[in-house]
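**Student:** build me a model:
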Amino acid sequence: MTILLTGADGYVGWPTALRIASRTDDRVLLVDNFARREWVDEIGSVSATPVAPIQTRLAAAEDVHGLTNLSFVEGDLTDKDFVDELLAVHEPDTVVHTAAQPSAPYSQINGERANYTQHNNLQATRNLLWGLEEHDLADTHFVETTTTGVYGAPEFPIPEGGATMENRGERDEVPFPAMAGSWYHLTKSHDAANMRLAHQQFDIPVSDVRTAIVYGTQTEETRADDRLNTRFDFDYYFGTVAHRFAAQAVAGYPVTVYGKGEQRKPFVSLEDAVEGLARLALADPDDRPADHAVYNQVTRAISIVEIANTIADVGTDHGLDVAVEHFENPRDEDETHKMEIENDRYMDLIGDQAQDFEAGIQDVFATLTDRADVIAAHEDRFLPGVLEDRLED
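**Tutor:** Numbering: from 1, shown residues only. Next up, the predicted model:
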């Protein structure tokens with residue numbers, strides 16, 4: 001048996017690879033082209049945690065955890081010839097697809113980056129789906145991390161997957177409409193549609209994992225050795241809001257909340273995201289709820305102001321004097337939107353282990369306070385106006 005994991009050098013992909021490999025004797029084949037490192041370097045930032053070369057990571061995984069079932073292939077999934085050879089040679093029984101350009105702000109910089117994001121993300125997924133069909137691998141379980149961003153911010157509770165549509169007295173279940181708010185998020189809306197079509201046409205079993213905003217620095221496996229670190233981005237483009245707020249606090253800045261900040265966003269800890277993907281990768285077909293299932297990979301919705309206040313409180317525990325300041329909101333958004341999102345299927349998947357938000361932020365500060373010099377050296381990367389001017393030049 002072979003499990004293929006794409007995006008294996010990434011923030012979520014690497015710890016997921018370790019979790020999967022630690023729970024099976026099956027071969028876990030990792031694929032990446034290291035583009036994430038290039039994108040972050042391009043915008044002038046860096047991972048707060050040092051990210052070891054992939055061969056160093058693999059050696060550490062064997063030294064520390066005894067994992068001898070991990071192997072790595074470097075390649076670009078937008079290259080159909082590469083994907084065809086990959087699938088023909090290794091014939092995976094499961095594909096866990098976490099490879100993508102994941103930044104909405106990066107995709108919004110200009111048309112070039114919007115085009116790149118759409119081509120990169122959509123072409124990779126199409127190549128994998130068509131490759132499974134064309135190499136007689138349609139029984140392969142295809143698991144992809146899409147995003148809760150495909151739902152937008154509707155005023156009604158967000159279902160876990162589809163929606164009920166009624167017209168002229170008739171009702172039917174339909175895919176949730178693409179309400180994405182960025183060129184990146186729209187790639188995941190298209191991926192969701194392409195996976196649905198691949199399931200309909202090729203009968204490929206699909207798990208569409210709509211991942212919320214992920215926070216955290218470590219998992220059980222990565223904290224065992226610094227060589228096993230996953231990356232931690234804190235800049236405007238690749239750092240999530242909780243990570244940017246924590247970096248502001250470590251650098252001595254107030255945590256900046258636009259407007260009221262009462263709007264709620266969906267979140268999941270890195271530990272919980274990794275657990276969900278590992279369980280899907282290793283799931284017996286009879287244990288999956290359907291051959292095409294959508295999971296809202298979120299443990300709770302949290303308001304921006306609650307994130308800021310939690311970071312201020314936890315920062316105090318780490319000896320920092322953290323203020324929360326509100327500024328006029330430059331964005332056109334509902335500052336009081338109370339997102340509700342269903343996640344029963346996902347919570348059934350991971351059980352009762354969901355990590356507390358404050359505990360996850362404690363983990364973030366434990367990492368960042370040791371890397372305060374790196375944060376301080378890149379503090380201008382918190383300022384999107386400076387970055388946008390530089391990137392447009």
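**Student:** the residue nearest to Tyr215 when sequence neighbours are not counted: which element?
**Tutor:** Nearest non-adjacent residue to Tyr215, counting by Cβ to Cβ, 6 or more residues apart in numbering: Ala242, 4.3 Å away. All C-beta atoms are positioned from the backbone trio N, CA, C, and that covers glycine. Assessed by DSSP states H and E, Ala242 sits inside helix 241-250.
**Student:** give me the helices and strands touching that helix, please.
**Tutor:** The contact analysis (3 or more Cβ pairs under 8 Å, 6 or more residues apart in numbering; DSSP states H and E) places helix 241-250 against strand 213-215, strand 255-258, helix 304-317, helix 357-368, helix 372-377.
**Student:** circling back to that earlier point, next, count neighbours for the residue nearest to Tyr215.
**Tutor:** Neighbour count of Ala242, defined by other Cβ atoms under 10 Å: 25.
**Student:** quick check: it touching Thr217?
**Tutor:** No: taking contacts as Cβ atoms under 8 Å, Ala242 lies outside contact range of Thr217: 10.9 Å.
**Student:** name the residues contacting each of these two.
**Tutor:** Taking Cβ atoms under 8 Å, 6 or more residues apart in numbering as the contact rule, Ala242 and Thr217 both touch Val364.
**Student:** which stretches of the stretch 101-250 of the chain form strands?
**Tutor:** Secondary structure of the stretch 101-250 of the chain (DSSP state E, counting those that start in this stretch): strands located at 141-145, 162-167, 170-175, 206-211, 213-215.
**Student:** who wins for proximity to Leu29 among those?
**Tutor:** Ranking these by proximity to Leu29 (Cβ to Cβ) places strand 141-145 first, at 14.3 Å.
**Student:** tell me the angle the closest one makes with strand 206-211.
**Tutor:** Counting by axes from the mean of the first three to the mean of the last three Cα atoms, to 10 degrees, strand 141-145 lies at 20 degrees to strand 206-211.
**Student:** can you list contacts of strand 141-145?
**Tutor:** Contacts for strand 141-145 (Cβ under 8 Å, 6+ apart): 12, 93-98, 100, 125, 128-129, 132, 191, 195, 198, 204-209, 211, 277, 280-281, 283, 285, 288, 297.
**Student:** try stretch 79-86
**Tutor:** Outside stretch 79-86, the residues that reach it (Cβ under 8 Å, 6+ apart) are 4, 31, 73, 75-77, 124, 127-128, 131, 134-135.
**Student:** returning to what we had before: mean pLDDT for the helices and strands packed on helix 241-250: which is lowest?
**Tutor:** Among those, strand 255-258 carries the lowest mean pLDDT, a mean of 89.
**Student:** tally up the residues packed near Ala124, please.
**Tutor:** Count around Ala124 with other Cβ under 10 Å applied: 26.
**Student:** no wait, Val174
**Tutor:** Neighbour count of Val174, defined by other Cβ under 10 Å: 10.
**Student:** near Thr336, how many other residues are there?
**Tutor:** Here the count is done by other Cβ under 10 Å, and Thr336 has 12 residues near it.
**Student:** hmm, back to that, need the pLDDT of the residue nearest to Tyr215.
**Tutor:** On pLDDT, Ala242 comes in at 95.
**Student:** distance of it relative to Phe365?
**Tutor:** 11 Å (Cβ to Cβ, to the nearest Å).
**Student:** can you check Ser269 too?
**Tutor:** Distance of Ser269 to Phe365, given as Cβ to Cβ: 14 Å.
**Student:** these two - which one has more neighbours?
**Tutor:** Taking neighbours as other Cβ under 10 Å, Ser269 and Phe365 compare with Ser269 leading, 23 against 20.
**Student:** the more buried one contacts Tyr215, correct?
**Tutor:** Yes: Ser269 lies in contact with Tyr215 (Cβ under 8 Å); the separation is 6.1 Å.
**Student:** need the residues touching each of these two.
**Tutor:** Common contacts of Ser269 and Tyr215, defined by Cβ under 8 Å, 6+ apart, comprise 357, 360.
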